[in-house]
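Asker: Next one to model:
(chains A, B and C)
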Amino acid sequence: MDGNTSGEDGNDIDWSTEDELEIESFTLSSSSSLTVPGREAIAGSGEASSSQGPSNSKVVDHFVGMGFSGKMVAKAIQEHGEENTDSILETLLTYSALESSPQEPQQVDCDDQFSSDSEASFLDDFSDIDSYSDNEDILNPTSEKNKKLLSLVNMGYTAEEASIAIERCGLDSTVVELTDFICAAQMARAEDAHLPLEEKPRLNHAYKKRKLLQYELLKKKKLMRLGNKTIDEDDETVHLPNPMVGFGIPSEPCLKTHRNLPEAALGPPYFYYENVALTPKGVWSTISRFLYDVQPEFVDSKYFCAAARKRGYVHNLPIENRFPLIPLPPHTIHEAFPLIRKWWPSWDTRTKLNCLLTSIASAKSTERIRKALEDYDGEPPLRVQKYVLDECRKWNLVWVGRNKVAPLEPDEVEMLLGYPKNHTRGISRTDRYKSLGNSFQIDTVAYHLSVLKEMFPNGINLLSLFSGIGGAEIALHRLGIRLKNVVSVEISAVNRNVVRSWWEQTNQRGNLYDLDDVQQLNGDRLEHYMTLFGGFDLVVGGSPCNNLTGSNRLHRDGLEGKESSLFYHYYRILDLVRSIKT
DNA sequence: CCCATAATGATCGGAAGT
DNA sequence: ACTTCCGATCATTATGGG
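Answerer: Model prediction:
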């Protein structure tokens, strides 16, 4: 990284990440302030807590002194008033409890041990529901085979295994029977090949998944029996924290500095999984249960930059001594776009942008807004204001002229998300929006990954699944963590080119291996890489959210959706990596 | 100009949260 | 009651190589 002098970027914007100087200067400052990470940053950022009013009473100090965060205290005071200290304390304790209490690890039924009895009853339940549930799609008998094939493939089996199983067991057999058949076949093969250890995780995977499916179905059945009465699904619902700050953010590191991970989840290797926070019900609990029962960390990137981005992260990284990337990115719309201030009407009270999506408003819609405004000299009537504001919020429009709003340019999105300027330049405009809309917010992810820096002073080997335009790689690079070997799996050739180009631009000294399809990354392939450079230190991945996000009007099918079910490949591959000894 | 492909524009609710 | 959202489909227009 020494010889990198690609400083040809016009540095009108100073968070361009190409600059190695940044990393070096940061390294210096961090080493001098290692004890209290983040403090320095706060001091430098001036008005970090801009969203809070100037509540500077003794009450605040009192509670902050007790160890609660300023934000929590402010919120509690807002709710109860300053006098009502008892209620404030109660609220604060509730907040803390909500954040720190892991769910009870009940549900023994999903765990390893099983008797043949329970197995049999499971089987009954399963086949029962499978054939009589209210799913309409089973009405078509000709698709029965394909449907079974598909669900087996979605469970992580190969199409070949699945079709053999169907052929042997007959079309009438239940999915459970089929998986049992495949498991047995795998077991036999594993013994043949003297590879019990390597093949075992695949069995575990399939087995665990099956159990989970059964669990879901049982629940569904129970739910149907209960009718529309209130259902006890406390064990099922994952509560989103409010404020959505996870285990802490740079401006307010949480008092919580440690968590107890389930033993099965401990690293190395470390893993870091990401997806949208607002999913259909049950999705996050399923993800969490697959990823070794680690509780997700839900974070809104509006605490890191000028745009919202509500995401859940499941990882087994330590959470103490995190530090943010320097320089801190702009935290408000006005900081991010100083020039728009003169056009920004006082009645548009936004300070943060909404989530950056994959497409932008049409020219016509901004034209409609201009037309709606041009008749008025001063403030338009409330009705017009509401129309305009609704549109602006919906499409993340900013003011760029008199009565003139416009969507963000691709390079502005790059900046907000923490990518190097022009990172995606060269591909089509549409593709840029799409790729960026699907990416990590660098500052957020880097904050979480920062703990790796002192653990791996010589760099890391990274397995990056669903890499997109390389958010994880860039975050690590900006942290000054050397990338020794990176295996990056990404289906889109356009995105792979972006990453490859970035890799060359930044004069990486490590090796980048890029693959195109997670589904073809099997144990052999992984073992090859792992013996080549001695295992992976970190497995990162944000699997497709197509079928999870609220923006999808047509196919919000949950984790079993066409694209989103690729999550199971993240789990499959992670479990393989964890089981292969090097 | 013809034809292919690529890029852009218009339009489409709803679940789950506060 | 009100807000938000890593989107998909189809029609239309732009682009480019012959």
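
Asker: switch to C-alpha atoms for all contacts and neighbour counts from now on
Answerer: Noted.

Asker: low-scoring stretches of chain A, by residue?
Answerer: Along chain A, the model assigns pLDDT under 70 to residues A:1-73, A:76-77, A:79-236, A:254-255.

Asker: who's in contact with stretch A:275-286?
Answerer: Stretch A:275-286 is contacted from outside by A:212, A:236-238, A:240, A:296, A:298, A:310-313, A:542-545, A:548-550, A:558-559, using C-alpha atoms under 8 Å, 6 or more residues apart in numbering.

Asker: same thing with stretch A:400-411?
Answerer: Taking C-alpha under 8 Å, 6+ apart as the rule, stretch A:400-411 contacts A:340, A:343, A:360-361, A:366-367, A:369-370, A:373-374, A:392, A:395-399, A:421-422, A:425, A:429, A:432-433.

Asker: again, but for stretch A:327-345
Answerer: A:15, A:41, A:45, A:302-307, A:350-353, A:398-403, A:416, A:418, A:443.

Asker: Next, the buried residues of that stretch.
Answerer: Residues of stretch A:327-345 classed as buried: A:P327, A:L328, A:P329, A:P330, A:H331, A:T332, A:I333, A:H334, A:A336, A:I340, A:R341, A:W344 (neighbour count, 16 or more other C-alpha atoms under 10 Å).

Asker: what's the answer for stretch A:466-484, then?
Answerer: A:466-484.

Asker: can you check stretch A:434-450 too?
Answerer: A:434-450.

Asker: got it, and stretch A:380-390?
Answerer: Those would be A:P380, A:Q385, A:V388, A:L389, for stretch A:380-390 by 16+ other C-alpha under 10 Å.

Asker: Dump that stretch to PDB, keeping only the CA atoms.
Answerer: Extracted as PDB, the C-alpha positions of stretch A:380-390 are listed here (Å, rounded to 0.1, in the frame of the first residue of the first chain):
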ATOM      1  CA  PRO A 380     -47.100  27.400  -1.000                       C
ATOM      2  CA  PRO A 381     -50.300  26.300   0.600                       C
ATOM      3  CA  LEU A 382     -50.100  23.500   3.100                       C
ATOM      4  CA  ARG A 383     -51.700  21.100   0.600                       C
ATOM      5  CA  VAL A 384     -49.000  21.700  -2.000                       C
ATOM      6  CA  GLN A 385     -46.300  21.500   0.700                       C
ATOM      7  CA  LYS A 386     -47.500  18.100   1.700                       C
ATOM      8  CA  TYR A 387     -47.600  16.900  -1.900                       C
ATOM      9  CA  VAL A 388     -44.100  18.100  -2.600                       C
ATOM     10  CA  LEU A 389     -42.700  16.800   0.700                       C
ATOM     11  CA  ASP A 390     -44.300  13.400   0.200                       C
END
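
Asker: What residues does the stretch 401-550 of chain A have near DNA strand C?
Answerer: Within the stretch 401-550 of chain A, the positions adjacent to DNA strand C are A:434, A:437-440, A:542-550 by C-alpha under 7 Å from any atom of the strand.

Asker: A:L512 in helix, strand or coil?
Answerer: Recorded secondary structure, A:L512: strand (DSSP: H, G, I helix; E, B strand; the rest coil).

Asker: For it, which non-adjacent residue is closest in space?
Answerer: A:V486 (4.8 Å; C-alpha to C-alpha, 6 or more residues apart in numbering).

Asker: tell me the phi and psi of the one you found?
Answerer: Main-chain torsions, A:V486, degrees, to the nearest 10: phi -120, psi 120.

Asker: What's opposite it in the beta bridge?
Answerer: A:L462, A:L512 (DSSP bridges).

Asker: any idea how far it lies from A:N511?
Answerer: 6 Å (C-alpha to C-alpha, to the nearest Å).

Asker: Between the two, which has more neighbouring residues?
Answerer: Per other C-alpha atoms under 10 Å, whichever of A:V486 and A:N511 has more neighbours is A:V486, with 20 against 13.

Asker: didn't the more buried one look like it was pressed against A:L462?
Answerer: Yes: the pair A:V486 and A:L462 qualifies as a contact (C-alpha atoms under 8 Å) at a distance of 4.7 Å.

Asker: got the domain boundaries for chain A?
Answerer: A:109-226, A:266-328+A:418-579, A:333-417 (automatic domain parsing).

Asker: A:K75: which of those is closest?
Answerer: Among these, domain A:266-328+A:418-579 comes nearest to A:K75, with 15.7 Å by C-alpha to C-alpha.

Asker: From one end of that closest one to the other, what's the distance?
Answerer: 13 Å.

Asker: ok, for A:G312, nearest residue in space, not its chain neighbours?
Answerer: Counting by C-alpha to C-alpha, 6+ apart, the residue nearest A:G312 is A:F298, at 4.3 Å.

Asker: does the one you found sit in a helix, a strand or a coil?
Answerer: Applying three-state DSSP: A:F298 is strand.

Asker: The residue of the stretch 251-400 of chain A found nearest DNA strand B: neighbour count?
Answerer: Nearest residue of the stretch 251-400 of chain A to DNA strand B: A:P280, at 3.5 Å (C-alpha to the nearest atom of the strand). For A:P280, the neighbour count with other C-alpha under 10 Å is 15.

Asker: Of the buried residues of stretch A:380-390, which belong to helices?
Answerer: Mapping the buried residues of stretch A:380-390 onto helices (DSSP state H) picks out A:Q385, A:V388, A:L389.

Asker: so what's A:I442 up against?
Answerer: A:L417, A:G418, A:Y419, A:G471, A:A472, A:I474, A:A475.

Asker: If we ignore the residues flanking it in sequence, what's nearest it?
Answerer: A:G418 (5.0 Å).

Asker: Tell me how many other residues crowd that neighbour.
Answerer: Neighbours of A:G418 (other C-alpha under 10 Å): 28.

Asker: got the contact list for it?
Answerer: Applying C-alpha under 8 Å, 6+ apart, the residues contacting A:G418 are A:W15, A:P329, A:Q441, A:I442, A:D443.

Asker: Narrow these to those in helices?
Answerer: A:I442, A:D443.

Asker: Let me know the closest of the contacts of A:G418 to DNA strand C.
Answerer: A:Q441 (8.5 Å).

Asker: Provide a list of residues in contact with the residue nearest to A:G312.
Answerer: Applying C-alpha under 8 Å, 6+ apart, the residues near A:F298 are A:L240, A:P241, A:M244, A:V245, A:G246, A:A277, A:K310, A:R311, A:G312, A:Y313.

Asker: On the three-state scheme, A:E527 is what?
Answerer: Under three-state DSSP, A:E527 comes out as helix.

Asker: Can you report phi and psi for the spatially closest residue to it that is not a sequence neighbour?
Answerer: The shortest distance from A:E527 to any non-neighbouring residue, by C-alpha to C-alpha, 6+ apart, is to A:I580 (6.9 Å). A:I580 adopts backbone torsions of phi -80, psi 120, taken as degrees, to the nearest 10.

Asker: and A:I580, how far is that from A:K484?
Answerer: 20 Å.

Asker: Then A:A308?
Answerer: Taking C-alpha to C-alpha, one finds A:A308 at 32 Å from A:K484.

Asker: Residues of the stretch 201-350 of chain A that sit close to DNA strand B?
Answerer: Counting by C-alpha under 7 Å from any atom of the strand, the residues of the stretch 201-350 of chain A near DNA strand B are A:V238, A:H239, A:L240, A:P241, A:N242, A:L278, A:T279, A:P280, A:K281.
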